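**Q** starting from these lines, generate the structure:
(2 chains)
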Amino acid sequence: MRTLTDDEVAIGSVLPELSIELTPTVVVSTALATMDFTPVHHDVEGARAQGSKDIFLNILTTMGLVERYVTDWAGPEAVIRRINVKLGVPAYAGDRLSFNGTIVSRSETDYTVEVRGKVSLGDHATGTVTFSLPES
Amino acid sequence: MTSDELLELADKQIAMGELRGSPSDDPVNAPMIRHWLDAMGNRNPLFLDKGLAPPSMAQVWTMSGVKRGKDPSPVDDLLKALDAHGYTGVVATNCEHTYHRYVRVGERLTPGTRFTSLAGPKKTAMGEGYFATWNVTWYDEDSEPVAEMMFRVLKFRPRVRREPYPLKPAVNRDTAFFWEGVRQGELRIQRCSSCGSLRHPPGPVCPSCHSTEQGYVVACGEGTVYSYVVHHHPPVPGKETPFVVAVVELPEGVRIVGNIVDCPVEAVGIGMSLRVTYRPMDDELILPMWAPRET
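**A** A predicted model of the protein is given here:
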């Protein structure tokens, strides 16, 4: 994994799509890795009893996947400053979560990338990630 | 409690300022980082190589676990009050993280929570509700903030789903325009596009000129009772007896069958002036019915 340099990033730069198959294993393992034991994230019957069609991704995981989406592309030395996410439809087990992103602004030190994570029902998470790159 | 009282409680919770929770049970540690990276499919080597925690793990360090009690927070009383007032639904709408620095393995974080705003009641797609916002700051052992989170939820009054009405109109190519009109609050009457005559109920061919070209006009919504029956027996699914079924004569020149509502059955009579009214029968179906016209 290589970290991008300043001259490789510009406003309008498009991030490659990241598409994640949301198997029950992904939903459950991420819920537990984020210490979130709310039944709707691991108990199918519990989730259905409260009106959801299946178990679904927890928010701590959504934030973690948004971070991963940006650093998969920008590289390990990119420093994440902010992640702002507007939450939309649930990301159910059995669905697929696909991230797209574009660099929309830059300041002296930081870049902002607009991120959209879609599932079959619509936008699961939309928002921005602000990061900086090490000085080259 | 009224909405004013909810907002007053919110002001009280805001005035409490930040409540510090207990320090995390475990310091930031490599096994939890490794487990998290693995589950996320995150292959970024930085964290384990340099002994740093992924920034979006901030909240993970102070999660309360399976059975342990939660630290008191200024948020709890407000969420309980919202539940008690019927706003029992909850959906998170925003999560915003700011990272002041990446934390290192061995550090122990302490959360501080403050309630920041309550906005509502507002009409939303989920139902009427309040947006509740709070902020959590994670501090290091020197009480310096390392990460912050703004979190917003919508607490809403779940819509009660009505039982589906058992009698559904047959909607087909000839009648779809009529039911589309009902949804929009229009009483549409089929009109032959060739000779201009009106007909109801709708059909594929004009009885006057045999044309299949068709359009519609929007009726003014008034009518008079041409004929009626009071139905007492047998029972009809979805209806309470007795009810009135009337043939209503429209000033446009056609007659239409419908129920007369908002009127005792014995007050109905031939020639009575009526006005159309649109009644939701369940979450999807609206039927046009007739009520006495106010004079």
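
**Q** contacts for the lowest-mean-pLDDT helix or strand in chain A?
**A** Within chain A, no helix or strand scores below helix A:44-49, which has a mean of 90 by mean pLDDT, DSSP states H and E. With C-beta atoms under 8 Å, 6 or more residues apart in numbering or on different chains as the test, helix A:44-49 has contacts from A:24, A:39, A:40, A:41, A:53, A:54, A:55, A:56, A:93. Bear in mind the C-beta positions are built from the backbone N, C-alpha and C, glycine included.

**Q** isn't the last one up against residue A:58?
**A** No: no contact is recorded between residue A:93 and residue A:58 when judged using C-beta atoms under 8 Å, the distance being 11.9 Å.

**Q** next SSE after the longest helix seen in chain A?
**A** Criterion DSSP state H: the longest helix present in chain A is helix A:59-74. Later in the chain than helix A:59-74, the nearest helix or strand by DSSP states H and E is strand A:79-87.

**Q** mind giving me the packing neighbours of the helix or strand just after that next one?
**A** Heading C-terminal from strand A:79-87, the first helix or strand you meet, by DSSP H and E, is strand A:96-106. Where contact means 3 or more C-beta pairs under 8 Å, 6 or more residues apart in numbering or on different chains; DSSP states H and E, strand A:96-106 is packed against strand A:14-21, helix A:59-74, strand A:110-119, strand A:122-132.

**Q** buried ones in the longest one?
**A** Read it as helix A:59-74. By neighbour count with 16 or more other C-beta atoms under 10 Å in any protein chain shown, helix A:59-74 contains the buried residues A:59-74.

**Q** what is it packed up against?
**A** Packed against helix A:59-74, as judged by 3+ C-beta pairs under 8 Å, 6+ apart, are the following elements: strand A:14-21, helix A:24-33, strand A:79-87, strand A:96-106, strand A:110-119, strand A:122-132, helix B:30-40, strand B:89-99.

**Q** with the shortest one instead?
**A** Helices and strands touching strand A:14-21, by 3+ C-beta pairs under 8 Å, 6+ apart, are helix A:59-74, strand A:96-106.

**Q** any low-confidence regions in the chain?
**A** Reading this off chain A. Scanning chain A for pLDDT under 70 picks out A:136.

**Q** let me rephrase: I mean chain B.
**A** Scanning chain B for pLDDT under 70 picks out B:1, B:68-69, B:295.

**Q** please enumerate the helices of it.
**A** Under the criterion DSSP H, chain B contains helices at B:3-15, B:30-40, B:46-50, B:76-84, B:176-183.

**Q** let me have those helices in CSV, extended by mean neighbour count and distance to residue B:147.
**A** Formatted as CSV, the helices of chain B follow (neighbours: other C-beta atoms under 10 Å in any protein chain shown; distance: least, C-beta to C-beta, whole Å):
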stretch, mean neighbour count, distance to residue B:147
helix B:3-15, 15, 22
helix B:30-40, 17, 15
helix B:46-50, 14, 15
helix B:76-84, 17, 22
helix B:176-183, 16, 50
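
**Q** pull out the buried positions in stretch B:192-200.
**A** B:192, B:198, B:199, B:200.

**Q** of those, which is the nearest to residue B:115?
**A** Nearest to residue B:115 out of those is residue B:200 (C-beta to C-beta; 59.5 Å).

**Q** any idea which residue sits dead centre in chain A?
**A** residue A:66 (2.2 Å; C-alpha atoms, centre = their mean).

**Q** looking at it, that residue is touching residue A:125, isn't it?
**A** Yes: the criterion here is C-beta under 8 Å, and residue A:66 meets it with residue A:125 at 6.4 Å.

**Q** identify the contacts common to these two.
**A** The contact sets of residue A:66 and residue A:125 overlap at A:85, A:115, A:117 (C-beta under 8 Å, 6+ apart).

**Q** how about the last one: what's its closest non-neighbour residue?
**A** Of all residues beyond its chain neighbours, the one nearest residue A:117 is residue A:125 (4.2 Å), with distances taken as C-beta to C-beta, 6 or more residues apart in numbering or on different chains.

**Q** one more: the second one?
**A** Closest residue to residue A:115 in three dimensions, ignoring its sequence neighbours and counting by C-beta to C-beta, 6+ apart: residue A:101, at 4.4 Å.

**Q** distance to residue B:62 for the helices and strands packed on helix A:59-74 - can I get that in TSV?
**A** Output for the helices and strands packed on helix A:59-74, formatted as TSV (distance: least, C-beta to C-beta, whole Å):
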stretch	distance to residue B:62
strand A:14-21	26
helix A:24-33	15
strand A:79-87	18
strand A:96-106	26
strand A:110-119	25
strand A:122-132	22
helix B:30-40	12
strand B:89-99	14
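
**Q** tell me which of the shared contacts of residue A:66 and residue A:125 is nearest to chain B?
**A** Of all the shared contacts of residue A:66 and residue A:125, chain B sits closest to residue A:85, with 5.0 Å by C-beta to the nearest C-beta.

**Q** burial count for the residue nearest to that closest one when sequence neighbours are not counted?
**A** The shortest distance from residue A:85 to any non-neighbouring residue, by C-beta to C-beta, 6+ apart, is to residue A:127 (4.0 Å). The burial count assigned to residue A:127 is 22, neighbours taken as other C-beta atoms under 10 Å in any protein chain shown.

**Q** tell me the contacts of residue A:127?
**A** Counting by C-beta under 8 Å, 6+ apart, residue A:127 makes contact with A:66, A:83, A:84, A:85, A:86, A:114, A:115, B:96.

**Q** can you list those residues in JSON lines and add distance to residue B:226?
**A** Shown next, in JSON lines, are those (distance: C-beta to C-beta, whole Å):
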{"residue": "A:66", "distance to residue B:226": "66"}
{"residue": "A:83", "distance to residue B:226": "68"}
{"residue": "A:84", "distance to residue B:226": "64"}
{"residue": "A:85", "distance to residue B:226": "62"}
{"residue": "A:86", "distance to residue B:226": "57"}
{"residue": "A:114", "distance to residue B:226": "63"}
{"residue": "A:115", "distance to residue B:226": "64"}
{"residue": "B:96", "distance to residue B:226": "64"}
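
**Q** show me which of those residues are buried.
**A** For the contacts of residue A:127, a burial check counting by 16+ other C-beta under 10 Å picks out A:66, A:83, A:84, A:85, A:115, B:96.

**Q** name the nearest of those residues relative to residue B:291.
**A** Of all those, residue A:85 has the smallest distance to residue B:291: 49.6 Å, by C-beta to C-beta.

**Q** so what's that closest one up against?
**A** Residue A:85 sits in contact with A:62, A:63, A:66, A:125, A:126, A:127, B:94, B:95, B:96, where contact means C-beta under 8 Å, 6+ apart.

**Q** count of neighbours near residue 25?
**A** Using chain A. Around residue A:25 sit 11 other residues, with neighbours defined as other C-beta under 10 Å.

**Q** I was thinking of chain B, sorry if that wasn't clear
**A** As a burial measure, residue B:25 scores 13 neighbours (other C-beta under 10 Å).
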